[in-house]
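Chemist: 3D model of this:
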Amino acid sequence: MDDVDSANERHAAISSWLDTMKRACLDASTKKSQHNKKQRTEESNSNSLHSDDYEEMNKSSSDTEEMGVPHSSQETKRKLANRKYAKASYLRKKKLIEDLKRNVASLKGENRNLKEEQGVIKSQIKYWRDQMNMNGLFPSSDGFNSPKHHET
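Modeler: Here you go, the predicted structure:
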């Protein structure tokens, strides 16, 4: 049970961290798109661009990633896909654990019933053994040995 509680706590912590990361990525994406929109507006207002500004605007996503600024759209999609997969995996594991718990409970009940049945059968065997011993049918002490046949 402690393992399940521990797993649930880890899942909650990871989910919280992923939510924080998702919000941060979305905030960064929003800020970046607002910044890009602002740049486009400024560029349309001033039709003259310096060559440095032009190169900065046309940087590839790999250049941006190398500088530590993630390409937000792809990274956000990847993180969301990973989160979706992790949640599905967690739910599969949770369902499996619940199914196993139900199976354990069912098997414990069946085991209890079989032990009760075994006790009834043992008491019946004892009763019939005692009956047969009283009638002289099984002279052996355990009552399970068949009468010995002597070869002639």
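
Chemist: looking only at pLDDT, what's the mean for the host helix or strand of residue 95?
Modeler: Element membership of residue 95 [criterion: DSSP states H and E] is helix 72-134. For helix 72-134, mean pLDDT is 94.

Chemist: Against which helices or strands is that helix packed?
Modeler: The contact analysis (3 or more CB pairs under 8 Å, 6 or more residues apart in numbering; DSSP states H and E) places helix 72-134 against helix 2-45. Glycine gets a C-beta too; all of them are placed from N, C-alpha and C.

Chemist: Okay, angle between the helix it packs on and helix 72-134 too, please.
Modeler: Relative orientation of helix 2-45 versus helix 72-134 (axes from the mean of the first three to the mean of the last three CA atoms, to 10 degrees): 170 degrees.

Chemist: just checking, what packs against helix 2-45?
Modeler: Looks like helix 2-45 contacts helix 72-134 (3+ CB pairs under 8 Å, 6+ apart).

Chemist: What are the contacting residues of stretch 89-96?
Modeler: Identification of contacts with stretch 89-96 by CB atoms under 8 Å, 6 or more residues apart in numbering yields 7, 11.

Chemist: mind checking how far residue 110 is from residue 103?
Modeler: Taking CB to CB, to the nearest Å as the measure, residue 110 falls 10 Å from residue 103.

Chemist: got it, and residue 7?
Modeler: 19 Å.

Chemist: Compare those two and say which is more crowded by neighbours.
Modeler: Comparing residue 7 with residue 103 by other CB atoms under 10 Å, the one with more neighbours is residue 7, at 14 against 10.
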